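Student: sharing a model that was predicted from the sequence below.
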Amino acid sequence: MFKKGEFLAYGCLFLTAVIWGISTPVIKYILNFLNPWQFIFWRLLTASVIIIVPLIIVWHHLKISLKDILKYLLIGFLGTPLTLIIFSFGLQKTSAVNTSIISTLSPILIILGGVYFFREKVSARKKWGILLIISGTLVALVGPMIKNGVIDKGSFLGDIAVIFAYLCWVAYSLLIKKEKKLNFFCLTASSFVVGLLVSFGILLFSPKNVFSFEKITGNPLLTGSLVFVGIFSTVVAYFTYAIGISKIEASKAVIFTYLQPIFGIPVAILLLKEKVDPIFWLGAGLIVIGVCICQFLGQKHLPVEFKPKTVI
């Protein structure tokens, strides 16, 4: 029996997992036609058009000080433009399947960051679960290279870039946890605008036809992919995620992060025709076991992640 608000929370978080899971192969498809800066510009332009009016209203209502404005800009830069550009360059070189697997490290890295910076406690069982998840990720990413005796330097560097992007996201999440008085909506929405301005500035100094408008309008699937990422992945999923974690404990909400590869990997195989080595599934199995240990056997010891103060 669900408690009040839990059914809505689980529905929102499940929808978020579906959207963000599918987004990885969709972004990989987009990057076959656009460079990372072009992709970020069009993605954030779409999102900014939707959120700019609510952002102005909330920003005016909060009467934010100059000191806090600087915090919004700096933390926002870390969370959106910096994370997105590193992620996009990495995804351009590696596979969507590998990127989906790497995404399972995100909540683990946040937990480890909480232990190091906030002295949060982790049970012995959870430590074993974390070790299995990290081991499974390494097996899935490196195992096929060792088995085949071939190291794809491009893919390997792409994996490293994606991991670094998630480290930036973890730093962003931990800073939000530390700066609890910052408005979560304003922080996220303003980061979209900051990212849009940064990508626009970069593109102004790029070659002619840098915005690739004709390329986008001439390819309906590319147009639809950008609309999906700009509206659903960037705006809708943010709201469903914020609503979800505002109504249940973060220790329950984090399980939905692990669902993303379940939706992302099949789409990558069907849409991008990516192939999966059998040893990859061994790594995926270790990750599943590690997640079960973390989420169910030691659940009462889970540290609580941040929650947004305001859902708008």
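Tutor: Structure received.
Student: buried residues, the host helix or strand of L70. List them.
Tutor: For L70, the enclosing helix or strand under DSSP states H and E is helix 66-77. Residues of helix 66-77 classed as buried: 68, 71-72, 75-77 (neighbour count, 16 or more other CB atoms under 10 Å). The way it works is simple: take the backbone N, C-alpha and C, and place the C-beta from them, glycine included.
Student: most widely separated two among the residues you listed?
Tutor: Spatially, the most separated pair among the buried residues of helix 66-77 is D68 and F77, at 14.8 Å (CB to CB).
Student: hey, where'd the strands end up in the stretch 101-250 of the chain?
Tutor: Along the stretch 101-250 of the chain, no stretch is classed among the strands by DSSP state E, counting those that start in this stretch.
Student: tell me where it is predicted with low confidence.
Tutor: Counting by pLDDT under 70, the ranges of the stretch 101-250 of the chain that qualify are 147-148, 150, 208-209, 246, 249-250.
Student: quick one: contacts of the helix or strand encompassing S100?
Tutor: Taking DSSP H and E as the criterion, S100 maps to helix 96-102. Under the criterion CB atoms under 8 Å, 6 or more residues apart in numbering, residues 21, 24-25, 27-28, 90-91, 137, 140-141, 155, 158-159, 162-163, 166, 260-261, 264-265, 267-269, 272, 274, 276, 280, 283-284, 287 lie in contact with helix 96-102.
Student: 6 Å instead, please
Tutor: Outside helix 96-102, the residues that touch it by CB atoms under 6 Å, 6 or more residues apart in numbering are 24-25, 28, 91, 137, 140-141, 159, 162-163, 261, 264-265, 268, 272, 274, 276.
Student: what of stretch 273-291?
Tutor: Here stretch 273-291 makes contact (CB under 6 Å, 6+ apart) with 95, 97, 104, 129, 132-133, 135-136, 139-140, 143-144, 147, 258, 268.
Student: which of those lies closest to C12?
Tutor: Relative to C12, and with distances defined as CB to CB, the nearest of the contacts of stretch 273-291 is Y258, at 16.4 Å.
Student: leaving out sequence neighbours, find the closest residue to that closest one.
Tutor: V291 (4.9 Å; CB to CB, 6 or more residues apart in numbering).
Student: swap in S88?
Tutor: Beyond its immediate neighbours in the sequence, the residue positioned closest to S88 (CB to CB, 6+ apart) is P36, lying 3.5 Å away.
Student: wait, Y166 touches S106, no?
Tutor: Yes: Y166 is in contact with S106 according to CB atoms under 6 Å; the separation is 5.2 Å.
Student: so for the two, which sits in the more crowded spot?
Tutor: Each of Y166 and S106 has its neighbours counted (other CB atoms under 10 Å); Y166 has more, 23 against 19.
Student: report the contact partners of that one.
Tutor: Taking CB under 6 Å, 6+ apart as the definition, contacts of Y166 comprise S106.
Student: helices along the stretch 201-312 of the chain, start to end?
Tutor: Applying DSSP state H, counting those that start in this stretch to the stretch 201-312 of the chain gives helices spanning 213-217, 220-227, 237-247, 250-253, 260-271, 278-292.
Student: repeat that for the stretch 1-150 of the chain.
Tutor: Taking DSSP H, counting those that start in this stretch, the helices of the stretch 1-150 of the chain run over residues 6-30, 36-62, 66-77, 83-93, 96-102, 105-118, 124-148.
Student: okay if I get these as CSV plus distance to T188?
Tutor: Rendered in CSV, the data for these read as follows (distance: least, CB to CB, whole Å):
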stretch, distance to T188
helix 6-30, 14
helix 36-62, 8
helix 66-77, 8
helix 83-93, 12
helix 96-102, 22
helix 105-118, 16
helix 124-148, 27
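Student: tell me which of these is the most buried.
Tutor: Mean neighbour counts were taken over the helices of the stretch 1-150 of the chain using mean count of other CB atoms under 10 Å, and the top value, a mean of 26, falls to helix 96-102.
Student: where's it relative to the chain centroid, distance-wise?
Tutor: Using CA atoms, centre = their mean, to the nearest Å, the distance from the centre of helix 96-102 to the centre of the chain it belongs to is 12 Å.
Student: got it, and stretch 63-76?
Tutor: Relative to its parent chain, stretch 63-76 has a centroid offset of 23 Å by CA atoms, centre = their mean.
Student: now the helix holding L70 and helix 83-93, what's the angle there?
Tutor: Here the directions of helix 66-77 and helix 83-93 differ by 10 degrees (axes from the mean of the first three to the mean of the last three CA atoms, to 10 degrees).
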